[in-house]
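> With the sequence up front, the predicted model follows.
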Amino acid sequence: MALRSKETTWLAVVIALRCASALQPVPRHAVRAPMKAAPRGLAPDRATTQAALIALTSLPGLAHAEAAVWVEPVTTVVRPALFVAQFMFLCRILLSWYPEINLNKLPFNLVSWPTEPILRATRSVVPPAFGVDISPVIWIAVANLAQELLLGPQGVLILLAKS
């Protein structure tokens, strides 16, 4: 049974409506309303639904959806960036244990200069309490959360790559 493009589109709509009606309760006004006739004499019966399923599975990209092209490059960039961010904030925690170190001299400025604007903004929201600055700990937690949500075993990018 060969289906024309408009018929295939209509059949896809029928299937989508049937699936949606199976998942959601039907409103009262829809029950009382008479059912409209199908275009061109096609009735939404079992044979039509099967033909629509065959047509939908033959459409490229619907039956066998490939992973998005952008997932792998984004993963390649995000994973090391989050690792570097966590490492730099961990270094800031370790450097805070030694207050006599000048953070404006090499090699300490490689860690302090990129992180200081972020930590300064965080300190304005969460000020140091009892002489303890927890802003690097907050940013390690944020980076770790982002890593788990994006790249963890059930992360968004990992699930997109598997699909």
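All right, it came through fine.
> Quick check: what element follows the longest helix along the chain along the chain?
Using DSSP state H to assign secondary structure, the helix with the most residues in the chain is helix 71-96. Scanning forward in sequence from helix 71-96 by DSSP states H and E, the next helix or strand is helix 109-125.
> Can you give me every residue that contacts residue 149?
Shown in contact with residue 149 (Cβ atoms under 8 Å, 6 or more residues apart in numbering): 155-156. Placement of C-beta: from N, CA and C, glycine included.
> now do 6 Å
Residue 149 makes contacts with residue 155, as judged by Cβ atoms under 6 Å, 6 or more residues apart in numbering.
> distance of it from residue 76?
For residue 149, the distance to residue 76 (Cβ to Cβ, to the nearest Å) stands at 17 Å.
> how about low-confidence regions in the chain?
In the predicted model, the chain carries pLDDT under 70 at residues 1-67.
> how about a cut-off of 50?
Within the chain, the stretches with pLDDT under 50 are 1, 3, 19-28, 30-35, 62-65.
> Can you tell me the number of residues neighbouring the nearest residue to residue 158 once chain neighbours are set aside?
Once flanking residues are discounted, residue 158 sits nearest to residue 151: 6.2 Å by Cβ to Cβ, 6 or more residues apart in numbering. Around residue 151 there are 17 other residues, counting by other Cβ atoms under 10 Å.
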